[in-house]
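[1] can you look at this prediction? I've put the sequence above it.
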Amino acid sequence: MNGAWPEPRIWTWRYRIRYVLLIAGGLMILMGGVWLLQGISILPGSFMTGQMFWAIMGAVFLVVGGLLALAGFRLNRRR
């Protein structure tokens, strides 16, 4: 290190992208869960209740959000 201060971890591109992936993945998981539950008529009170389209879109968002969150968790380990 020769007396130099190390660069803070939060400012490297890997950590910025990691947080973006985790936040986007988490929001997609949350939104997909709500859409899925409304699509299969478990969560009533919307125009989406009981419609198969929203159940399928919710399942797709759950999978994609899970993959984004998984990528965010794994990004920290790669070097």
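    That came through, no problem.
[2] the helix or strand hosting residue 15: which residues count as buried?
    Here residue 15, judged by DSSP states H and E, is contained in helix 13-39. By neighbour count on 16 or more other Cβ atoms under 10 Å, the buried set for helix 13-39 is 18, 21-22, 24-25, 28-29, 32-39. All C-beta atoms are positioned from the backbone trio N, CA, C, and that covers glycine.
[3] of these, just say which sits nearest to residue 45.
    Nearest to residue 45, judged by Cβ to Cβ, of these is residue 38 at 8.1 Å.
[4] distance check, the residue positioned nearest the centre of the chain against residue 47.
    Nearest to the geometric centre of the chain sits residue 25, at 0.6 Å (Cα atoms, centre = their mean). Taking Cβ to Cβ, to the nearest Å as the measure, residue 25 falls 26 Å from residue 47.
[5] list the residues that contact the residue nearest to residue 14 when sequence neighbours are not counted.
    With Cβ to Cβ, 6 or more residues apart in numbering as the criterion, residue 14 has its nearest non-adjacent residue at 6.0 Å, and that residue is residue 75. Residue 75 makes contact with 14, 17-18, 21 under the criterion Cβ atoms under 8 Å, 6 or more residues apart in numbering.
[6] determine which two of those residues are furthest apart.
    So, these by Cβ to Cβ: farthest apart are 14 and 21, at 10.5 Å.
[7] check which element follows the helix-or-strand element of the chain with minimal mean pLDDT along the chain.
    Lowest on mean pLDDT, DSSP states H and E among the helices and strands of the chain sits helix 13-39, with a mean of 92. Next helix or strand after helix 13-39 toward the C-terminus (DSSP H and E): helix 52-75.
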